[in-house]
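Trainee: Compute the structure for the input listed below.
(one chain, ligands or ions: 2)
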Amino acid sequence: MAELTPDDLMFKPGLMAGERILITGGGTGLGKVMAEACLMLGADVYICGRRGGVMGETAKELMAAHPASEGAGRCVGIACDIRVPEAISETLDTIWADGGALTGLVNNAAGNFISRTQDLSPRGFDAIANIVFRGSFFMTLDCGKRWIAEGKPGSVVSILTTWIWSGGPFTVPSAMSKAGIATMSQSLAVEWGSHNIRFNNIAPGPFPTEGMSARLNPTRGEATGGNYRDMSGNPMGRVGEMRELANLAVYLLHPLSAYVNGQTIAIDGASWQAGGGGFASLRSWTEDQWKAAREAIQATNAKDRAQRTV
Ligand code: HXC
Ligand code: NAP
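Mentor: Numbers count the residues shown, from 1 in each chain. Ligands and ions are numbered 1, 2, ... in the order given. Below is the predicted model of the structure:
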């Protein structure tokens, strides 16, 4: 379902007209709402993910909710696995051929699950790191090469987590990979600043989404850091609203924020400063609770795998 109305956005209609934005993992969750906001404000938005069907459905749904007659741009769904550099290259060829250079990239695609670190296999680590750490870098590199060769500006926004500062117990491959992308952003903000290619990060606290809940609160309702019904550890006592994140992303993507470069903005109600940002409370879980969590996560993974077209 489309999420936003014009009253949810703090920007004037048409703000993003002429902008061309790619959002990885834009078929669901936070990526989808960022795509919706950019689309509503007039941008051409490309969304990519492994499940081709989900991409097509989301693009269709967002365009139906926000027609061009109301000032919206276009939304195009493309099946692409960002773990595969050749697939990224093909996707970017398609986008460039569809109207020219992107003006912005959102590195949003991710994989994650809670697990005791001693239960991880190398393949389990790779399942996360190949998406978040390697995939986000490959995508950034391919876009950057094109922008530099054509002398075009670009705004790259990477969706991280506050674990880049606090650490992420029980989500170590994700926390390590996100921290790596934070370092990528800081480094390239300097290296590519003279090319007018800039890098900023958003570090969200909990924004309940289907994908996140299935992997981080798999048995639903346990007393964990992933139980978003108990937000007593959050200074503001609540989870994030999708529109709050969408407005921040639009700001960072728009050319009028061009002097903001190399920054990471947390959007978590000051939760991580209060020590409530991660899964430390899972230390009390029993063997049986970990078994149930793993089985529930793997059932979700199997269902998603069956939908992938690439
Ligand atoms: C331990 C696990 C496991 C678990 C999988 N593995 N789940 N290990 N505990 N719970 C291991 C498997 O045993 C296997 O290793 C390896 O990981 C690959 O497993 P597959 O199930 O084959 O993986 P795959 O189908 O490729 O799925 C990839 C995935 C999946 C990353 C595991 O979760 C996915 O596609 N996720 C995409 C969406 C997503 O995760 N969204 C949440 C983002 S939320 P072996 O050695 O056994 O073969 C987020 C929020 C952060 O990031 C902040 C919140 C505040
Ligand atoms: P989500 O709905 O599961 O989104 C993840 C998306 O990534 C999916 O659409 C998935 O699509 C895509 N993806 C995964 N692997 C991919 C690959 N190899 N190639 C291309 N796309 C891939 O979860 P979400 O909660 O919206 O998370 C979005 C981002 O926000 C992630 O970076 C997450 O770490 C971050 N975040 C979320 C929260 C939160 O509370 N929700 C908090 C902090 C940070 P396919 O399966 O079709 O590939």
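Trainee: Can you list the buried residues in stretch 73-88?
Mentor: 73-84, 87-88 (16 or more other C-beta atoms under 10 Å). Glycine gets a C-beta too; all of them are placed from N, C-alpha and C.
Trainee: could you turn it into CSV, dropping everything but the C-alphas?
Mentor: Output in CSV follows, covering the C-alpha atoms of stretch 73-88 (Å, rounded to 0.1, in the frame of the first residue of the first chain):
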residue,chain,number,x,y,z
GLY,A,73,7.4,11.6,-11.8
ARG,A,74,7.9,8.0,-13.0
CYS,A,75,8.8,4.9,-11.0
VAL,A,76,10.6,2.0,-12.8
GLY,A,77,11.2,-1.3,-11.2
ILE,A,78,14.3,-3.3,-12.2
ALA,A,79,15.4,-6.8,-11.0
CYS,A,80,19.0,-6.6,-9.9
ASP,A,81,21.1,-8.4,-7.4
ILE,A,82,23.6,-5.9,-6.1
ARG,A,83,26.0,-8.7,-5.1
VAL,A,84,26.7,-9.2,-8.8
PRO,A,85,28.8,-6.4,-10.3
GLU,A,86,27.8,-7.3,-13.9
ALA,A,87,24.1,-7.1,-12.9
ILE,A,88,24.7,-3.6,-11.4
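Trainee: That stretch near ligand 1 anywhere?
Mentor: No - judged by C-beta under 6 Å from any ligand atom, stretch 73-88 stays clear of ligand 1, getting no closer than 9.1 Å.
Trainee: and that stretch, what's its mean pLDDT?
Mentor: Averaging pLDDT along stretch 73-88 yields 98.
Trainee: related to what we said a few turns ago, of the buried residues of stretch 73-88, list those near ligand 2.
Mentor: Cys80, Asp81, Ile82, Arg83.
Trainee: Which ones among the residues you listed map onto helices?
Mentor: Residues of these located in helices (DSSP state H): none.
Trainee: now, which of those residues sits nearest Val157?
Mentor: Ranked by distance to Val157 (C-beta to C-beta), those are led by Ile82 at 15.3 Å.
Trainee: Mind checking what secondary structure the closest residue in space to the closest one that isn't next to it in sequence has?
Mentor: Of all residues not flanking Ile82 in the chain, Gly135 sits nearest, at 3.5 Å (C-beta to C-beta, 6 or more residues apart in numbering). Under DSSP: H, G, I helix; E, B strand; the rest coil, Gly135 falls in the helix class.
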